[in-house]
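Asks: give me a model of this one.
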Amino acid sequence: MTNDASGPGLDPRLLEMLICPVTRGQLSYDRVRNELVSEKARLAFPIRNGIPVMLVEEARPLEP
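Replies: Predicted coordinates for the structure are as follows:
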């Protein structure tokens, strides 16, 4: 995972504005999986068509 959001999937300014809907903490951008990751909540939120889907029911649980 990386905080580098310079790839084609996410505007870096958007990453600065978004927070985890569960913990209200910082997110990191996983360029390989095209997800926003909340380490605290142990969830990965998908990015579909360039739009982050910040719904808990759409998030993927992270493996321990």
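
Asks: show me the contacts for Ala44.
Replies: 30, 33, 35-38, 59-62 (CB atoms under 8 Å, 6 or more residues apart in numbering). No exception for glycine: its C-beta is placed from N, CA and C like everyone else's.

Asks: one more time with 10 Å, if that's ok
Replies: Neighbour list for Ala44: 1, 27-28, 30, 33-38, 59-62 [criterion: CB atoms under 10 Å, 6 or more residues apart in numbering].

Asks: now flag whichever of the residues you listed is closest to Asp11.
Replies: Asp11 has its nearest neighbour among the contacts of Ala44 in Leu36, at 12.2 Å by CB to CB.

Asks: in its sheet, what does the helix or strand containing the closest one sit against?
Replies: Applying DSSP states H and E as the criterion places Leu36 in strand 35-38. Strand pairing for strand 35-38, using DSSP bridges, gives strand 28-30 (antiparallel), strand 43-48 (antiparallel).

Asks: so which helix or strand of the chain has the lowest pLDDT on average?
Replies: helix 12-17 (a mean of 88; mean pLDDT, DSSP states H and E).

Asks: output that one as PDB, nothing but the C-alphas.
Replies: What follows is helix 12-17, C-alpha atoms only, in PDB (Å, rounded to 0.1, in the frame of the first residue of the first chain):
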ATOM      1  CA  PRO A  12      -4.500  13.300  -4.900                       C
ATOM      2  CA  ARG A  13      -6.600  16.200  -3.700                       C
ATOM      3  CA  LEU A  14      -9.600  13.900  -3.200                       C
ATOM      4  CA  LEU A  15      -7.500  11.600  -1.000                       C
ATOM      5  CA  GLU A  16      -6.600  14.600   1.200                       C
ATOM      6  CA  MET A  17     -10.300  15.300   1.700                       C
END
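
Asks: tell me the buried residues in it?
Replies: Leu15 (16 or more other CB atoms under 10 Å).

Asks: next: stretch 56-64.
Replies: Across stretch 56-64, burial judged by 16+ other CB under 10 Å covers Ala59.

Asks: give me the contact list for that stretch.
Replies: Counting by CB under 10 Å, 6+ apart, 1, 20-22, 33, 35-39, 41-46, 48, 52-53 sit against stretch 56-64.

Asks: with that, I have no additional questions.
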